[in-house]
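> could you work out the structure for the sequence below:
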Amino acid sequence: MSTGATALLRKPGQPQRPSLLELFFDLVFVFALNRVSHRLAEDLGERRMVLAEASETLLLLLAILVLWFVTTWVTNTYDTQHPRIQLLVYTAMLGALMMAVAAPRAFGDGRFVFAGAYVAVHIIRGLILVPALRGHEAQRRAAGVLFWFAMSAVPWIAGAILPEPARGILWTLAIAIDITAILLFYPAPWTRPGQWPVLSEYLSERYRQFFIIALGELILTTGSAYSDTSFSHGGPAAAFTVSFITTVLLFRVYLFRAGELLPEAITASREPARLTREALFAHLLMMVGIVVVAVGYELVISHPAGHTEPAWIVVILGGPILFLVGRSLLEHAVFNRVSRSRLVGALVLAGASPAMIYLPPLAGAVTAVVVLAGIATADTIRARRQPAEHASPPPPHHRS
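Residues are numbered from 1 along each chain as shown. So this is what the prediction gives:
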């Protein structure tokens, strides 16, 4: 076994708590998520939003999220005190920053910066890790990751070169390859299932920290939107207040039980990698949902009264729906069941959507707050009735 390779890996007994390096890395993503959400809000605000533009924004957001999740798996597996691993984190940080700067014009003159930074981060990581892990079993995993990102690099770069609509088609293919690879844990002919180490406390804490980052982006977006309005008008002030209440409710609904017990669930599971994958997908949906919520509130704060565009309704109510769907998937992963309040809440929001076209945008935001408040209240009541379930780790029997 290679001594050099062993030095790169996390050592048994090392603390599973994230270090300041990971928290420093996360700072870029407040800006990155803000750039993506602002891009979508500008399109909606100018009434020129079409399905293709929404798809473009979603694609850019998914690329940014993939970079974060993959880097988190790197810091889960390797020793963040090692200079090479720190260099990889700094490289990913710079790449994410470049992607964020290019995001508003990623399908225009910023396409080479966005795609180039994304591809470079993943390829550089592989070219550093694969040789450094020579002689160790971990080299097979690193080579599998490099193989998949090399595969997706072709449509990423080709899409940057070719014009629309080829660019959108190729980049959609590229992000589909990357997300599929993540969910399958980068299979390759030379790897074996179950090779990936899972640090339950570390990954759970990182997922929760990134959720907080997403809420931070929501606060940044709504605060910036309100600062650009006239303080003498009551509509923007009311919308800003509603946005803050929404942020608090999203935090409470996320944290309740499943959010708190995720580390214990992964530890107790007979298939921790599978549960980790399910939690990853759930958090991916919740992150997208929160970014959409931020877009909705940027619109509501700027235009609290007047006519509500159909596309505005999609983001004002669709964001909370996406969050609740992701949160339900997380609860199912942890407890093998879903609270009725979350399903009912998502259905109420979907059912209320058609009526919102006859009401001002602020009414849609208030509707979302009322539903989220109802779910949070139901959680509180259930916790008081079943304190033992709330305090104990989830049973592992549902993982076969």
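> going by C-alpha atoms from here, please, whenever you check contacts or count neighbours.
OK.
> give the buried residues for the helix or strand hosting residue 383.
Residue 383 is part of helix 361-385 when elements are defined by DSSP states H and E. Buried positions in helix 361-385, judged by neighbour count with 16 or more other Cα atoms under 10 Å: 361-379, 383.
> now do stretch 29-43
Quick answer for stretch 29-43 (16+ other Cα under 10 Å): 29-42.
> might you calculate how far that stretch sits from the centre of the chain?
The chain centre lies 13 Å from the centre of stretch 29-43; the measure is Cα atoms, centre = their mean, to the nearest Å.
> got a list of contacts for stretch 314-333?
254, 258-259, 275, 278-279, 281-293, 295-297, 337-339, 342-343, 345-346, 349-350, 353, 361, 364-365, 368 (Cα atoms under 8 Å, 6 or more residues apart in numbering).
> one more: stretch 269-289?
61, 65, 183, 194, 196-198, 200, 207, 211, 214, 266, 318-330, 333-334, 396-397, 399-400.
> show me the shaky parts of the protein.
The chain contains residues with pLDDT under 70 at 1-3, 46-50, 193-195, 198, 259, 387-400.
> before we move on, the earlier item: list only buried entries from the contacts of stretch 269-289.
61, 65, 196, 198, 200, 207, 211, 214, 266, 318-330, 333-334, 396, 399.
> out of those, which are inside helices?
Using DSSP state H, 61, 65, 200, 207, 211, 214, 266, 318-330, 333-334 are the members of the buried ones among the contacts of stretch 269-289 that sit in helices.
> what packs against the strand or helix carrying residue 223?
Counting by DSSP H and E, the element that carries residue 223 is helix 200-227. Where contact means 3 or more Cα pairs under 8 Å, 6 or more residues apart in numbering; DSSP states H and E, helix 200-227 is packed against helix 20-45, helix 51-77, helix 234-254, helix 260-268, helix 272-302.
> again, only using 6 Å
Under the contact criterion of 3 or more Cα pairs under 6 Å, 6 or more residues apart in numbering; DSSP states H and E, helix 200-227 touches helix 260-268, helix 272-302.
> and the angle for it with helix 51-77?
140 degrees (axes from the mean of the first three to the mean of the last three Cα atoms, to 10 degrees).
> so helix 200-227 versus helix 260-268, what angle?
Using the same axes, to 10 degrees: helix 200-227 against helix 260-268 is 150 degrees.
> which parts of helix 200-227 are buried?
For helix 200-227, using 16+ other Cα under 10 Å, the buried residues are 200-211, 213-223, 225-226.
> on that earlier part again, filter the contacts of stretch 314-333 down to the buried ones, ChimeraX style.
Under the burial definition 16+ other Cα under 10 Å, those of the contacts of stretch 314-333 that qualify are selected in ChimeraX by:
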select :254,258,259,275,278,279,281,282,283,284,285,286,287,288,289,290,291,292,293,295,296,297,338,342,345,346,349,353,361,364,365,368
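> and residue 119, which of the helices and strands packed on helix 200-227 is closest to it?
Evaluated over these, closeness to residue 119 peaks at helix 272-302, with 20.3 Å, by Cα to Cα.
> gap between the closest one and the chain center?
5 Å.
> and residue 306, how many neighbours?
For residue 306, the neighbour count with other Cα atoms under 10 Å is 11.
> now residue 109: which helix or strand?
Residue 109 belongs to no helix or strand, assigned by DSSP H and E.
> from residue 95, how far off is it?
Here residue 109 is placed at a distance of 17 Å from residue 95 (Cα to Cα, to the nearest Å).
> the two - which one has more neighbours?
residue 95 (25 against 12).
> need the contact list for that one.
Shown in contact with residue 95 (Cα atoms under 6 Å, 6 or more residues apart in numbering): residue 117.
> give me that answer again for 8 Å
117-118, 120-121.
> sort out for me which of those residues are in helices.
Short answer: the contacts of residue 95 in helices (DSSP H) are 117-118, 120-121.
> neighbour-wise, which one of those leads?
Ranking the ones in helices among the contacts of residue 95 using other Cα under 10 Å puts residue 118 first, with 24 neighbours.
> so which strand or helix has the residue nearest to that one when sequence neighbours are not counted?
Nearest residue to residue 118, sequence neighbours excluded (Cα to Cα, 6 or more residues apart in numbering): residue 95, at 6.3 Å. Residue 95 is part of helix 83-102, with elements assigned from DSSP H and E.
> how big is the angle separating that helix from helix 51-77?
Using the same axes, to 10 degrees: helix 83-102 against helix 51-77 is 170 degrees.
> from residue 289, how far out is the closest residue to residue 349 other than its chain neighbours?
Excluding its sequence neighbours, the residue lying closest to residue 349 (Cα to Cα, 6+ apart) is residue 317, at 6.2 Å. For residue 317, the distance to residue 289 equals 10 Å [Cα to Cα].
> repeat for residue 185
Residue 185 is 24 Å from residue 289, by Cα to Cα.
> now do residue 210
From residue 210 to residue 289 the distance is 13 Å (Cα to Cα).
> stretch 72-82: which residues count as buried?
Here stretch 72-82 shows 72-80 as buried, counting by 16+ other Cα under 10 Å.
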